[in-house]
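[1] Coordinates only, no sequence provided:
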């Protein structure tokens, strides 16, 4: 049992470990995990937690030993295989720090399979701290129960992304100049949601997107949504209609 | 024309003023608006902006004069009447600072009419900085084009809210123990979305909610969503199906 009585019932701490897990395996963790398990959660030897590795699924583990710089765990039981996440990509122009951290967290929780940061003509941010973004994805996956991490692609120019767009993947793009509702636009199968930068797409970009056969312009209502809000709304609508929320 | 060429095309700065506006009115602003218009946006006399007052709608105005501590504006044209926001309330247990600020911003952008912070048994935050939350609502309304501010109710205990629940208002509550999809649950007419605290509702709370005739438990998919994520997802789904996103 976890030593943290304030924890919601039936919820064990959950931790991502970047190594393949197997039955009866012992593993020793160092780094931030030690502080999290020992100091934040105050777990003692004998306490249980869940581990997932983005490869084999989710496992139950016991704490064997806690030291100042290391925690030793024993993997005791396979709980579930790695999930198949709905096949939705998120293409989003980077927004400023804080908002992009939040965007990563929410995309992971809502169930996106792959995140592609895209450089558009009006994108203000042109560099990404991938380590920080990855850490947000991991933390969100730990918290929301995912057994598969979202893939984080390299920052890519929008025109490059469009040039090699897969013909079988629907591209739903939030177009502030108008579109149809996602309920009408979305069809079963692989899909991507494209969210522009705060300044919007340029006319040339909009033309290039619309010229793609799998692209459909969608509307998200009469109010002007920030990029992070538009992302959360569009992903939720897709998940409810096509993804695994049904 | 605005003096800020980086501004997205066709978008004028937009400002909430807490006084009734009328044609040809002159008004003098002090406080943060002076810094925003003069220093941040660098607007000069003759520049245009939009004003809304949460009473009469949206107006075009000219900057007449800028001083160190005051900006004088002239109201030149009525652009639109105050909107009728879809009749959706959001009942949410306060979450920690940062997340609740974000929750306010997103609720406003997504189109919520009224926000009721509710105290549940597992709510950790028991006081609200209403001025700060109100400021977030105003800023979001300015940005997203709303002409009506969301109403911010007092922090109220959940049992008190439930005791006087209006019979004609559907109560959609995000129940992590299971429910039906919002697409099946939502019906036209007044509605509210209830989001619990991070620790979830207690069994007693869940029973009290379910006992209400207008209450329906909804699910938001297989992943455990944070309160702010659940709010954004549920509001977007309701807006797309019942609200003004159709």
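    Received, thanks. What you see is a predicted model; the values in this text were computed from it and never measured.

[2] pretty sure residue A:57 is touching residue A:82, no?
    Yes. Residue A:57 is in contact with residue A:82 according to C-beta atoms under 8 Å; the separation is 4.5 Å. Every C-beta, even on glycine, is put in place using the N, C-alpha and C of the backbone.

[3] Give the residues shared as contacts by those two.
    residue A:147 (C-beta atoms under 8 Å, 6 or more residues apart in numbering or on different chains).

[4] any low-confidence regions in chain A?
    By pLDDT under 70, the weakly predicted segments of chain A are A:1-10.

[5] show me where it has helices.
    A:32-34, A:99-110, A:130-144, A:158-163, A:182-185, A:203-210, A:227-241 (DSSP state H).

[6] contact partners of the second one?
    So that's helix A:99-110. By C-beta under 8 Å, 6+ apart, the list of residues contacting helix A:99-110 reads A:90, A:92, A:94-95, A:115, A:125, A:128, A:132-133, A:136-137, A:139-141, A:143-144, A:146, A:149-150, A:226-228, A:231-232, A:235-236, A:239, B:102, B:221, B:223-226, B:229, B:232-233.

[7] any idea how far it is from the chain center?
    Offset of helix A:99-110 from its chain centre (C-alpha atoms, centre = their mean, to the nearest Å): 6 Å.

[8] now swap in the shortest one and tell me
    The chain centroid and the centroid of helix A:32-34 are separated by 22 Å, computed with C-alpha atoms, centre = their mean.

[9] Chain neighbours aside, what residue packs nearest to residue A:197?
    Nearest residue to residue A:197, sequence neighbours excluded (C-beta to C-beta, 6 or more residues apart in numbering or on different chains): residue A:93, at 3.8 Å.

[10] I'd guessed that neighbour sits against residue A:121; true?
    No. Using C-beta under 8 Å, residue A:93 is not in contact with residue A:121; the gap is 9.6 Å.

[11] circling back to that earlier point, could you dump the helices of chain A to TSV with distance to residue B:158 and mean neighbour count?
    TSV is the format used below for these (distance: least, C-beta to C-beta, whole Å; neighbours: other C-beta atoms under 10 Å in any protein chain shown):
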stretch	distance to residue B:158	mean neighbour count
helix A:32-34	36	14
helix A:99-110	24	25
helix A:130-144	24	17
helix A:158-163	46	16
helix A:182-185	32	19
helix A:203-210	45	15
helix A:227-241	24	26
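
[12] And these: which comes nearest residue B:22?
    In terms of C-beta to C-beta, the element of the helices of chain A nearest to residue B:22 is helix A:227-241, at 32.7 Å.

[13] List the contacts of the residue nearest to residue A:197.
    Here residue A:93 is in contact with A:117-120, A:122-123, A:125, A:158, A:195-197, A:227 (C-beta under 8 Å, 6+ apart).

[14] cool, and residue A:29?
    Here residue A:29 is in contact with A:17, A:37, A:70-73 (C-beta under 8 Å, 6+ apart).

[15] Inside strands: which ones of those?
    A:71-73 (DSSP state E).

[16] just those that are near chain B?
    Among the ones in strands among the contacts of residue A:29, not one lies near chain B by C-beta under 8 Å from any C-beta of the partner chain.

[17] Among the residues you listed, which one is most surrounded by other residues?
    Most neighbours among the ones in strands among the contacts of residue A:29, by other C-beta atoms under 10 Å in any protein chain shown: residue A:73, with 27 neighbours.

[18] Spatially, which residue comes closest to that residue, not counting chain neighbours?
    residue A:61 (4.5 Å).

[19] bridging residues for the one you found?
    Residue A:61 has these beta-bridge partners by DSSP bridges: residue A:49, residue A:75.

[20] wait, it sits on residue A:48?
    Yes. In terms of C-beta under 8 Å, residue A:61 counts as a neighbour of residue A:48; the distance is 7.0 Å.

[21] what's the overlap in contacts for these two?
    residue A:76.

[22] Which one's more surrounded, the two?
    The neighbour count for residue A:61 versus residue A:48, taken as other C-beta under 10 Å, is higher for residue A:61 (22 against 16).

[23] got a list of what that one touches?
    With the criterion set at C-beta under 8 Å, 6+ apart, residue A:61 makes contact with A:48-51, A:73-76.

[24] how does chain A divide into domains?
    A:14-80, A:88-241 (automatic domain parsing).

[25] Kindly reformat the ones you listed as JSON lines containing distance to residue B:167.
    Output for the domains of chain A, formatted as JSON lines (distance: least, C-beta to C-beta, whole Å):
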{"stretch": "domain A:14-80", "distance to residue B:167": "41"}
{"stretch": "domain A:88-241", "distance to residue B:167": "28"}
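
[26] Around chain B, pick out the residues from chain A.
    Residues of chain A lying near chain B (C-beta under 8 Å from any C-beta): A:6, A:8, A:102, A:105-106, A:109-111, A:122, A:143-146, A:181-183, A:198-200, A:219-226, A:229, A:232-234, A:236-237, A:239-241, A:243-246.

[27] Any idea which residue is closest to the centre of chain A?
    Nearest to the geometric centre of chain A sits residue A:108, at 2.3 Å (C-alpha atoms, centre = their mean).

[28] gap between that residue and residue B:67?
    According to C-beta to C-beta, to the nearest Å, residue A:108 stands 49 Å off from residue B:67.

[29] Then residue A:113?
    55 Å.

[30] Same drill for the two, tell me which one is more crowded.
    Shown here are residue A:113 and residue B:67; by other C-beta under 10 Å, residue A:113 has more neighbours (20 against 11).

[31] what about the closest residue to the more buried one other than its chain neighbours, how many residues close to it?
    Nearest non-adjacent residue to residue A:113, counting by C-beta to C-beta, 6+ apart: residue A:85, 4.4 Å away. Residues lying near residue A:85 (other C-beta under 10 Å) number 20.

[32] Residue A:212: what's it in contact with?
    Contacts of residue A:212 (C-beta under 8 Å, 6+ apart): A:162, A:165, A:171.

[33] Now flag whichever of those is closest to chain B.
    Comparing the contacts of residue A:212 against chain B with C-beta to the nearest C-beta picks out residue A:171 as the nearest, at 19.2 Å.

[34] hang on, the closest one packs against residue A:165?
    Yes. With contacts counted by C-beta under 8 Å, residue A:171 reaches residue A:165, the gap being 6.6 Å.

[35] Could you name every residue contacting both of the two?
    A:212, A:214.

[36] Which of the two has more residues huddled nearby?
    Per other C-beta under 10 Å, whichever of residue A:171 and residue A:165 has more neighbours is residue A:171, with 22 against 15.
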